[in-house]
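# what follows is a predicted protein model with its sequence.
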Amino acid sequence: MLITNSIAADLVVLAVTLVAVLATWHLWALYYWQRKGVPTPPTYPLLGTFKDFIVGDKSLGQVVQEAYLDYKKQGKRYFGVSFAGQPQFVPVDLALIKAVYVADFPHFHSHGTYSDAANDPLSVHIFNVDGPKWRDVRSKLSPTFTSGKMKTMHETLLKCSEGLTGALERLDDPIEIKEIMARFTTDVIGSCAFGLDINSLENPDAEFRRFGAKIFEKSFRNIANFFLGIAVPHSILSFCGYSVTRRDVQRFFYGSLASTVAYRETNAVVRKDFLDFLVRLKNHEDAQERMSMDEIAAQCFMFFVAGFETSATTMNFACFELARHQDVQDKARTEIRRVLEKHDGKLTYDAVMEMTYLDMIIQESLRKYPPLPINIRKCTKTFKVPGESLEIKEGTFVMIPVWGIHYDPEYYPDPEVFDPERFSDENKRSRPAFSHLPFGEGPRICIGMRFGMHQTKIGLITLLNNYRIKLNSKTITPLKYDKILFTSNIGGIWLDLEKV
Ligand code: HEM
C-alpha cells in the first residue's frame with residue numbers, strides 16, 4: 001500500500017513538473033518578440049496573437065490584414081506574432097520581403113514543413129524538402145513547367161473543358177461554382193499528373209474527387225497537421241511515426257499512380273503530360289538525374305494537392321466578382337469572342353495567351369482573394385535585419401502577410417474595389433515589385449504558376465463564352481470567410497446561368 005502511494009505521488013510530481021516545463025516553454029515562446037522589443041499585437045496564452053482566428057469569427061487572412069495595416073500605419077518595418085505556439089517574424093517593408101524571397105534566399109529557403117520518408121513517402125515532395133535536396137528536385141522538375149510543355153498539355157485541358165461544357169448544360173440553376181470548377185481541375189490534374197480520365201464532372205462521386213476533397217476538408221486532422229508541423233520539432237513527429245497524409249489517401253494515390261506507371265512502362269505508352277516526363281526521370285540512364293518511384297509519386301501527389309484547389313478557388317472568386325460587375329463580364333466576353341473569331345473559332349494555346357483582359361481579371365481576383373493568405377518560410381541561418389540590431393535566429397518562422405500587402409492602399413487605392421485595370425501593363429509598372437504575391441516570389445515561387453493560370457483561363461472562357469453569370473441569392477453576402485488556412489467563403493458562390 002505504502003509503495004503504491006509512493007508511485008502515485010511520484011507520478012503526480014512528474015505530471016506537475018511536465019506541465020510546469022511545458023507552460024514555461026509556452027510562455028517563453030509567447031512573449032519572445034516582446035522581450036526583443038519587436039512590436040506585437042495583443043497576445044494570449046494558448047491562442048497567441050490569433051485569438052480572433054482561433055476563437056473569433058475572422059479568417060486567417062483578415063487577422064493578418066488588420067495587423068499588417070495597423071503596423072504599416074504606424075510606420076513599422078516589421079512586427080512579430082505568435083502562431084501555432086511559435087514566434088513568427090512578419091515583414092511589412094517590401095525591401096525586407098524581397099530579402100526573404102530573393103536577396104537573402106540562402107537564409108530563408110525552407111518552407112519549414114514536415115515530411116517523413118519512412119511513414120509517409122507521399123510527403124517527401126518538392127514543397128516539403130529543403131536545401132540541396134530541394135534544389136535538385138526543383139531543377140529536375142522545372143523543365144516540366146515551361147511554356148513549351150504547357151503548349152503540349154493544352155489539348156488535355158481542352159478535352160477536360162468539354163466535360164465542363166457538358167456539366168454546365170446538365171446542371172440546373174443555381175450552381176455552386178467552386179464545386180464544379182474543383183471537378184474540372186481534378187479532371188485536368190488527374191489527367192496530366194496521374195494519366196487518368198477521371199471524369200468527375202460527369203461522375204461527382206469519382207474516387208479521385210472524393211479523396212481530393214478529403215485533403216482540403218475542414219477536419220481536425222487537417223488543422224492539426226498544419227499546427228503540429230510548426231509547433232512540434234520534426235524529429236519528435238518522426239519518432240512518433242506521425243504521417244501528414246492519411247493512410248487511406250496515401251494508399252489511394254500511390255496505388256493509382258503505381259498501376260498507371262506500370263501500364264505505361266509495359267506498353268510503352270507516351271502521353272503529353274507531367275507523368276510522361278516523370279516516368280522518363282524514373283528510367284533516366286544517368287543515376288544523378290534519376291528519381292525513384294516514391295519520389296515521382298510524391299511529386300505527382302503534390303501537383304494534385306497544389307494544383308486543383310488553388311485554381312478552383314481562383315475561379316470561384318473571379319466568378320463572384322464577374323457576376324457582380326456585369327460591365328467587366330461583358331468586356332471579358334467580347335474579348336473572348338473577338339480572339340476566338342481571329343483563331344477560326346478554335347481555342348488554341350495562342351488564343352488563350354492573347355486574352356489579356358481575362359488575365360487582368362484573374363490577377364485582380366488573386367489580389368483580392370489570394371488562395372494562400374500567408375506564405376511561410378523558416379530561417380535556416382541567423383539573419384541580421386538590415387539597418388536594425390535585430391537578428392532573426394535560425395529556426396524562426398517568417399510569415400509573409402500576402403493578404404495584408406494585397407489590401408495596402410499605398411499599392412492598391414480603394415483596395416476593396418474590384419478593378420482589373422490595376423493590372424494593365426502601365427499600372428503594373430507603376431507599382432513596386434513584391435506587392436502582388438499570390439504565387440510567392442523568388443527561386444521558390446510556385447512552379448505551377450503558368451499551369452494554374454492556364455487552367456483557370458480555360459475554365460473561365462468555357463463558362464463566359466456560353467453563359468452570362470448572375471449571383472444567386474443563396475450566396476451569403478457580404479462574403480464570410482471560412483476559418484481555415486486557405487481562402488474559402490462560407491456557403492459557397494451560387495450562380496444563375498443564362499445562355500448567351
Ligand atoms: C492559381 C493557382 C495557384 C496558386 C495561387 C498557387 C500558389 C502557390 C504558392 C503561394 C506557393 C508557395 C510559393 C513560395 O513559397 O514562395 C506555391 C508553391 C507551389 N505550387 Fe502553386 N499555386 C497554384 C497552382 C499550382 C499548380 C497548378 C501546381 C502544379 C500543377 C502548383 C504546384 C506548386 C508547387 C510544386 C509548389 C512548391 C514549389 C517549391 O517549393 O519549389 N501550383 N503555389
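All right, it came through fine. Everything numeric in this text was worked out from a predicted model, so none of it was measured. Residues are numbered from 1 along each chain as shown.

# just the pLDDT for D52.
Reading off the confidence values, D52 has pLDDT 88.

# quick one: it from the ligand, how far?
23 Å (C-beta to the nearest ligand atom, to the nearest Å). Backbone N, C-alpha and C define where each C-beta goes, glycine included.

# tell me, how many neighbours does the nearest residue to G491 once chain neighbours are set aside end up with?
Leaving out its chain neighbours, the residue that sits closest to G491 by C-beta to C-beta, 6 or more residues apart in numbering is I476, at 4.3 Å. Neighbourhood size, I476 [other C-beta atoms under 10 Å]: 13.

# give me the buried stretch members for the helix or strand where C319 lies, please.
Using DSSP states H and E, C319 maps to helix 293-324. Neighbour counts over helix 293-324 (16 or more other C-beta atoms under 10 Å) mark 293, 295-323 as buried.

# ok and the residue in the stretch 1-150 of the chain nearest the ligand?
Residue of the stretch 1-150 of the chain nearest the ligand, by C-beta to the nearest ligand atom: F127 (4.1 Å).

# can you name the next helix or strand after the strand or helix carrying I215?
Here I215, judged by DSSP H and E, is contained in helix 207-216. Reading on from helix 207-216 to the C-terminus, the next helix or strand found by DSSP H and E is helix 220-231.

# tell me which residues are up against that following helix.
83-86, 112-114, 215-216, 237, 242, 244, 246, 376, 397, 484-485 (C-beta atoms under 8 Å, 6 or more residues apart in numbering).

# again with stretch 137-148
125-126, 129, 149, 274, 277-278, 281, 289, 291, 295, 299, 443-444, 447-448, 450-451.

# run a quick neighbour tally on V64.
V64, neighbours per other C-beta under 10 Å, totals 27.

# for T396, which non-adjacent residue is spatially closest?
Residue nearest to T396 in three dimensions, not counting chain neighbours: C379, with 4.8 Å by C-beta to C-beta, 6+ apart.

# the one you found reaches H107, doesn't it?
Yes - counting by C-beta atoms under 8 Å, C379 does reach H107; the two are 5.7 Å apart.

# now do the shared contacts for these two.
Common neighbours of C379 and H107 (criterion: C-beta under 8 Å, 6+ apart): I392.

# do a quick rundown of the strands in the stretch 151-300 of the chain.
Ranges of strands within the stretch 151-300 of the chain are 175-176, based on DSSP state E, counting those that start in this stretch.

# how about low-confidence regions in it?
Within the stretch 151-300 of the chain, no stretch has pLDDT under 70.

# in it, what residue is nearest the ligand?
Closest point on the stretch 151-300 of the chain to the ligand, by C-beta to the nearest ligand atom, is I189, at 6.1 Å.

# grab the nearest non-local neighbour of that residue.
With C-beta to C-beta, 6+ apart, the residue lying closest to I189 is G307, at 4.6 Å.

# quick one: contacts for the one you found?
T185, V188, I189, A193, G448, F451, G452, Q455.

# what residues does this protein put near the ligand?
Proximity of the chain to the ligand, by C-beta under 6 Å from any ligand atom, involves residues 126-127, 138, 302-303, 306-307, 310-311, 314, 371-372, 375, 438-441, 444-448, 451-452, 456.

# show me those residues that map onto helices.
R138, M302, F303, A306, G307, T310, S311, T314, F451, G452, T456 (DSSP state H).

# my guess is the last one contacts D359, does it?
No - counting by C-beta under 8 Å, T456 does not reach D359; the two are 9.7 Å apart.

# of those two, which one has the most company?
T456 (26 against 18).
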